[in-house]
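Structure of the sequence below:
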Amino acid sequence: MRAFACTVCGRLVTFESSHCLHCGSALGFDPVAREVVALRPADDGDGLIEVAAGSPRRWRCANAGLVGCNWLAREPGGLCDACALTRTRPSDDDREGIELLTGAESAKRRLLFELRELGLPIRGWQEGAGGLGFDLLSSAEDHVVTGHADGLITLDLAEQDGAHREAVRERLSEPYRTVLGHLRHEVGHYLWTVVVAGTPLLGEARSLFGDEREDYAAALERHYAEGAPDGWHEQHVSAYATMHPAEDWAETFAHYLHIWDTLQTAAAYRVSVDGPLGVHESVAVDADRIVAPEPGAFQDALDQWLPLTYALNALNRSMGSPDLYPFVLAPAVLEKLVFVDRAVAAAGG
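As a prediction, the model looks like this:
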């Protein structure tokens with residue numbers, strides 16, 4: 001995530017900001033410019049105008065009051081680009097469902113921002129079969145399975161509840177479980193069809209991850225009966241990635257997004273990692289400070305990532321918290337991550 005400043009007073013604001021806490025200016029996220037901008041009412045009272053540019057005319061997303069969305073819409077009463085991708089959600093009178101939806105939509109906006117930063121082409125579900133869409137569903141009364149099918153991502157909103165999510169994480173012995181992580185994983189399934197399937201990269205992808213045409217139901221049954229094989233960490237980023245080639249791709253893609261976004265944030269805040277004194281192993285970034293990653297140059301990003309995670313994990317432990325990034329990236333996993341980056345760059349990054 002990039003850092004943002006109020007375009008009136010220059011003070012730091014967040015990606016989620018709707019108002020500047022310093023000068024009081026109204027703010028909104030312009031999904032076209034990918035910037036948080038200061039706004040004023042249009043002279044005729046219809047819509048909002050960006051203070052710095054004066055145009056074009058924008059409106060608050062229709063979901064601004066419901067879920068706190070700060071993205072700007074293109075027409076009065078319309079949904080922003082992010083909210084328009086949600087196909088199904090709890091009804092407005094489902095207060096518990098809407099509370100959970102608010103957090104899930106916030107995570108989804110972060111996901112979509114990152115995909116736009118990477119230059120990835122996104123076709124919405126309204127544009128036909130296979131387009132990207134989201135069913136964000138409450139499981140209070142009906143069973144919901146988080147997953148992906150033909151562009152449609154389904155998320156059980158119970159994952160937004162911290163106690164539920166932590167209980168599931170412990171039951172499955174997972175080192176990490178977040179709503180944003182779920183969305184990054186599931187969008188990886190969708191993006192397989194965009195950046196790999198039908199491209200010259202398909203053969204190489206199958207040599208790295210395996211053949212995605214392998215029987216999924218049989219692989220799922222085998223995984224939950226036998227678990228991950230011994231030594232799985234030498235070839236896979238997670239135990240779940242061993243289940244099926246499609247899951248190996250999706251897990252690896254999610255980690256690519258984790259790394260890319262965290263490095264972009266560190267670069268935006270001008271973080272530097274010199275490494276601790278008296279340590280002979282190289283745990284420093286070979287630059288004055290961390291540089292924002294670019295698609296197609298992921299090896300450079302990895303050279304920065306490892307020293308950063310050493311420092312961040314140590315900071316978390318000092319607070320009594322789990323490691324920020326509790327994963328080991330074996331050489332085979334690094335090779336897969338570099339491939340993901342090449343696929344992203346080839347698709348338009």
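
quick one: stretch 207-222 to chain centroid distance?
25 Å (CA atoms, centre = their mean, to the nearest Å).

quick one: contacts of that stretch?
Stretch 207-222 is contacted from outside by 192, 206, 243, 244, 245, 246, 248, 249, 252, 335, 336, 339, using CB atoms under 8 Å, 6 or more residues apart in numbering. Every residue, glycine included, has its C-beta placed from N, CA and C.

now the end-to-end length of that stretch.
Chord length of stretch 207-222, first to last residue, is 22 Å (CA to CA, to the nearest Å).

for this protein, which strand is longest?
The strand that spans the most residues within the chain, counting by DSSP state E, is strand 35-41.

List the neighbouring strands of the helix or strand just after it plus their orientation.
Next along the chain after strand 35-41, taking DSSP states H and E as the criterion, comes strand 48-50. Here strand 48-50 is paired, per DSSP bridges, with strand 35-41 (antiparallel), strand 57-60 (antiparallel).

ChimeraX command to pick out the buried ones of the contacts of stretch 207-222?
To isolate the buried members of those in ChimeraX, using 16 or more other CB atoms under 10 Å:
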select :192,243,244,245,246,248,249,252,336,339
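
got the contacts of stretch 207-222 as TSV, with secondary structure and pLDDT columns?
Formatted as TSV, the contacts of stretch 207-222 follow (DSSP: H, G, I helix; E, B strand; the rest coil; pLDDT from 0 to 100):
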residue	secondary structure	pLDDT
192	helix	98
206	helix	98
243	coil	97
244	coil	98
245	helix	98
246	helix	98
248	helix	98
249	helix	99
252	helix	98
335	helix	97
336	helix	98
339	helix	98
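
Closest one to residue 84 out of the contacts of stretch 207-222, please.
residue 192 (23.0 Å; CB to CB).

Please list all residues in contact with that closest one.
By CB under 8 Å, 6+ apart, the contact set of residue 192 is 212, 246, 249, 250, 253.

which residues of the stretch 101-250 of the chain fall in strands?
Using DSSP state E, counting those that start in this stretch, the strands of the stretch 101-250 of the chain run over 133-137, 147-149, 152-156.

Quick one: the strands paired with strand 48-50 as CSV, columns for distance to residue 102, mean neighbour count and mean pLDDT too.
Output for the strands paired with strand 48-50, formatted as CSV (distance: least, CB to CB, whole Å; neighbours: other CB atoms under 10 Å; pLDDT from 0 to 100):
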stretch, distance to residue 102, mean neighbour count, mean pLDDT
strand 35-41, 19, 19, 95
strand 57-60, 16, 20, 92
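
out of those strands, nearest to residue 274?
Of those, nearest to residue 274 by CB to CB is strand 35-41, at 31.3 Å.

And for residue 150, the neighbour number?
Per other CB atoms under 10 Å, the neighbour tally for residue 150 reads 12.

I'd assumed residue 129 was in contact with it.
Yes - contact criterion CB atoms under 8 Å: residue 150 and residue 129 qualify, at 6.6 Å.

List the beta-bridge partners for residue 27.
In beta-bridge terms (that is, DSSP bridges), residue 27 pairs with residue 38.

That one: what's it in contact with?
6, 13, 17, 18, 19, 20, 36, 37, 38, 39, 70.

Residue 265 and residue 117, how far apart?
11 Å (CB to CB, to the nearest Å).

Which one's more surrounded, the two?
Neighbour count, other CB under 10 Å: between residue 265 and residue 117, residue 117 has more, with 18 against 15.

surely the more buried one meets residue 264?
Yes - the pair residue 117 and residue 264 passes the contact test of CB under 8 Å, sitting 7.2 Å apart.

What count of nearby residues applies to residue 319?
Applying other CB under 10 Å, we find 7 residues neighbouring residue 319.

Can you tell me what sits against the longest strand of the chain?
Applying CB under 8 Å, 6+ apart, the contact partners of strand 35-41 are 4, 6-8, 13-15, 17, 20, 25-30, 47-53, 58, 70.

switch to 10 Å and redo it
2-9, 13-20, 23, 25-30, 47-54, 58, 60, 70, 72 (CB atoms under 10 Å, 6 or more residues apart in numbering).

how far is it from where the chain is centred?
With CA atoms, centre = their mean, you get 24 Å for strand 35-41.

Give me the secondary structure label for residue 7.
coil (DSSP: H, G, I helix; E, B strand; the rest coil).

what about the stretch 1-150 of the chain, any weak spots by pLDDT?
The stretch 1-150 of the chain contains residues with pLDDT under 70 at 54-55.

For it, which segments are assigned as helices?
64-67, 95-117 (DSSP state H, counting those that start in this stretch).

What are the buried residues along the longest one?
What it means is helix 95-117. By neighbour count with 16+ other CB under 10 Å, helix 95-117 contains the buried residues 97-98, 100-115, 117.

center of this structure - which residue?
residue 111 (3.5 Å; CA atoms, centre = their mean).

Would you check that that one makes contact with residue 183?
Yes - counting by CB atoms under 10 Å, residue 183 is a contact partner of residue 111 at 4.8 Å.

so what are the domain limits for this protein?
What automatic domain parsing lists as the domains of the chain is 4-81, 82-195, 199-349.

Would you agree residue 334 is in contact with residue 302?
Yes - between residue 334 and residue 302 there is a contact under CB under 10 Å: 6.3 Å.

Please verify my assumption that residue 190 contacts residue 152.
Yes - between residue 190 and residue 152 there is a contact under CB under 10 Å: 8.5 Å.
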